[in-house]
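**Student:** Return atomic coordinates for the entry below.
(one chain, ligands or ions: 1)
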Amino acid sequence: MSFESHTENFKEWINENFSFVSDKFEIKDLRNINQGRGLIAVEDIKAGESLFELSRDAIFNVETASILNLNDNVHDVLLSLTQWQALIICLAYEWYLNENSKLLPYLNVLPLKSDDYNTLMYWNDEELQYLKPSGVLSRIGRNSAEEMYSILVADIIPNQIKSNELAEFLTLEKFHIIASLILSYSFDVEHPEEVENDDEDVEGEEEIEREDGEEEHVEGEEHENEEEDEEHIYEHEEGNSDGEDEDEDGSDDEAEQEDPVSQDSYFKSMVPLADTLNSDTTKCNAKLKYEKTKLVMVAEKDIKKGEQIFNIYGELPNSEILRKYGYVELPSSKYEFAEIQTPTIKEYFQDLFEKQFKFLDPNQSNTLVDTIFELIETSEYLDENLSDDMDIGILSEKYEIYNDGEVVPEFLLLILIITSIYQSVQSDEKWFKKIVKSIERKPSTELVSFIHRTILKSHQLLEEKLLLTKSTVETIKELIKIRIHQYPTYITDGTYKLPESYNLSDKKEMANIVLFNEVQCLKSVIDDKFPPINKEDGLPRFKVIDDDKFLKNLLKRKVEETASKSKSKRQKK
Ligand SMILES: C[S@@+](CC[C@H](N)C(=O)[O-])C[C@H]1O[C@@H](n2cnc3c(N)ncnc32)[C@H](O)[C@@H]1O
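**Tutor:** Numbering: from 1, shown residues only. Got it, this is the predicted structure:
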């Protein structure tokens, strides 16, 4: 059957299954602009108008899948699995049923061939090298996905679902296709009891702004918050990491501790037609709203006849759009960020300490920096006093740098602490030599208490007084320069120019677009956009003060302690 007939059958099927479908839009073939199918307005649409509505029964998930008819235990088994495992099994079964699936017209418009995918899972090693040094390379997660595959076909499907046919049907290739489909097409649909009453404007607006700035309930967007329950198929922690990346051997500890579907407040689901909307971070004009009994796609803005109806898949930079959805936005996503990795930060400070203090050998400077990180990690003060947006601590594998000079607050505090330690010890090398002497065996009490004090004072300076020291700003800029140097020269020196358009088969070009935008974010910090400006009042987010003021305060205790020690010595005499 042709592309067009599949679209026609799908439209008919939608009309039969949905409670309302506006005639002001049509599903169009947008392959000429590399966008597959998409929704185009055929009449002017007003903001607030419903585009289509479907009852919760018309959503595809563990409550509605055909596999529930296989035997009485399937429902309980599905609820005991993780969201990903459960939806993969449900979709695999529909695909296995094929002609006999009630979803056939829907399945026929979904990408069910490996060739349909351009997401990073499908890039070979050589192509992935084009993306170096982007942080996205650490988030592809092929190994943990394949580990899940083994569990499904060797155990869960034959032993718990009790379907040898399905286990046989689900080859590794099909598994990757279904997982990629879920990654780019699924919705996390909250249970009815989680949403407000239908007439009060439901979840959309209210929850769309999450504290961490990510969007929820948008297409293909999982609950990716740090300590959330999401397991990471093709996926790793985003935002602040708590070190739960995939192990070298490909195992993903977090996946093993995953909550079962029964304990979640949502079902990972496929929502036909809602998933035909393409996405654009700047042109988004429609949103899927969850109500108690139905889901409604609502126009968020006036949409003119001939315009495309766009959703937004999340506040994602191009690197993530490419990883999960296989395309990039030109000239950029509205939500670009670059990342700076912790090893870069550690190396920078180790070098700095070593160069400044000739008595330190490389082992000592490494231990010193490790000790500072350890004390930050275990700091009770930070544990009790960090604001909610930093509630899992300030240490992370990487820190995000945005395109407006904004950096994550954890990064600011970390650099303020270490820079202040470095600055302080310079003022009294003799004292520093003494307190760092036996660091490799055990950090001295004086060093530990000095680091603790710096942590406390730095936090107060930044959080309460909104101040940063000059050296901290300089250090941040130095670190960003080092990060920029890790990118290919043709991207950083202005040789590369963004194209007007690109071809999906040109992976090098797509990678370049990602790298270019990351470098722009990094450059925004150096090019005087840092410290960033508050959007509300147009004032700088932080005032920058001379180091001396802060260091005096920091070293006061040291002076007092020394004075009291010499006093007690004198008294003993
Ligand atoms: C949820 S589907 C949207 C419907 C899809 N176009 C189709 O034909 O089924 C997501 C996929 O659509 C494509 N897509 C969405 N927005 C796009 C955009 N702005 N540019 C290019 N492709 C886009 C990508 O292939 C993405 O993985």
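
**Student:** drop to CA atoms for contacts and neighbour counts, all remaining ones
**Tutor:** Fine.

**Student:** What values do phi and psi take at residue 472?
**Tutor:** Dihedral angles of residue 472 (phi, psi; degrees, to the nearest 10) stand at phi -60, psi -40.

**Student:** likewise the one 3 residues further on?
**Tutor:** Dihedral pair for residue 475: phi -60, psi -40, per degrees, to the nearest 10.

**Student:** wait, what's in contact with it?
**Tutor:** Residue 475 makes contacts with 415, 419, as judged by CA atoms under 8 Å, 6 or more residues apart in numbering.

**Student:** try 7 Å
**Tutor:** Residue 475 sits next to no residue when contact means CA atoms under 7 Å, 6 or more residues apart in numbering.

**Student:** Report pLDDT for it.
**Tutor:** Predicted confidence (pLDDT) for residue 475: 97.

**Student:** what about residue 515, distance to residue 323?
**Tutor:** Distance of residue 515 to residue 323, given as CA to CA, to the nearest Å: 13 Å.

**Student:** Could you look up the SS state of the closest residue to residue 163 other than its chain neighbours?
**Tutor:** Nearest non-adjacent residue to residue 163, counting by CA to CA, 6 or more residues apart in numbering: residue 157, 5.9 Å away. Per DSSP: H, G, I helix; E, B strand; the rest coil, the local secondary structure of residue 157 is helix.

**Student:** Let me see the confidence value for residue 157.
**Tutor:** Residue 157 carries a pLDDT value of 98.

**Student:** same question, residue 488
**Tutor:** What the model reports as pLDDT for residue 488 is 98.

**Student:** Does the residue nearest to residue 163 touch residue 168 like I think?
**Tutor:** No. In this structure residue 157 lies outside contact range of residue 168 using CA atoms under 7 Å: 9.5 Å.

**Student:** So for these two, which sits in the more crowded spot?
**Tutor:** Relative neighbour count places residue 157 above the other of residue 157 and residue 168, with 20 against 12, counting by other CA atoms under 10 Å.

**Student:** Would you check how far apart the more buried one and residue 183 are?
**Tutor:** On the measure of CA to CA, residue 157 and residue 183 end up 21 Å apart.

**Student:** how about low-confidence regions in the stretch 251-400 of the chain?
**Tutor:** Along the stretch 251-400 of the chain, segments meeting pLDDT under 70 span 251-257.

**Student:** mind redoing it with 50?
**Tutor:** 251-256 (pLDDT under 50).

**Student:** What parts of it come near the ligand?
**Tutor:** With the criterion set to CA under 6 Å from any ligand atom, the stretch 251-400 of the chain comes near the ligand through 275-280, 325-327.

**Student:** In helices only, show me the residues you listed.
**Tutor:** residue 325 (DSSP state H).

**Student:** For residue 340, what are phi and psi?
**Tutor:** phi -120, psi 130.

**Student:** Which residues are in contact with it?
**Tutor:** Taking CA under 7 Å, 6+ apart, one finds 398-400, 483 in contact with residue 340.

**Student:** Just send these back as CSV, with neighbour count too.
**Tutor:** Below are the contacts of residue 340 laid out as CSV (neighbours: other CA atoms under 10 Å):
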residue, neighbour count
398, 20
399, 24
400, 23
483, 19
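
**Student:** okay, those residues in JSON lines with secondary structure and distance to residue 96 next?
**Tutor:** Converted to JSON lines, the contacts of residue 340 look like this (DSSP: H, G, I helix; E, B strand; the rest coil; distance: CA to CA, whole Å):
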{"residue": "398", "secondary structure": "strand", "distance to residue 96": "41"}
{"residue": "399", "secondary structure": "strand", "distance to residue 96": "43"}
{"residue": "400", "secondary structure": "strand", "distance to residue 96": "42"}
{"residue": "483", "secondary structure": "helix", "distance to residue 96": "48"}
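
**Student:** count of residues packed around the closest residue to the ligand within the stretch 301-450 of the chain?
**Tutor:** At 3.5 Å from the ligand, residue 325 is the closest residue in the stretch 301-450 of the chain, using CA to the nearest ligand atom. For residue 325, the neighbour count with other CA under 10 Å is 22.

**Student:** Give me every residue in this protein lying close to the ligand.
**Tutor:** 34-38, 110, 184-185, 275-280, 325-327.

**Student:** my guess is residue 295 meets residue 273, correct?
**Tutor:** No. Counting by CA under 7 Å, residue 295 sits too far from residue 273 to count as a contact (11.4 Å).

**Student:** Noted, bye for now.
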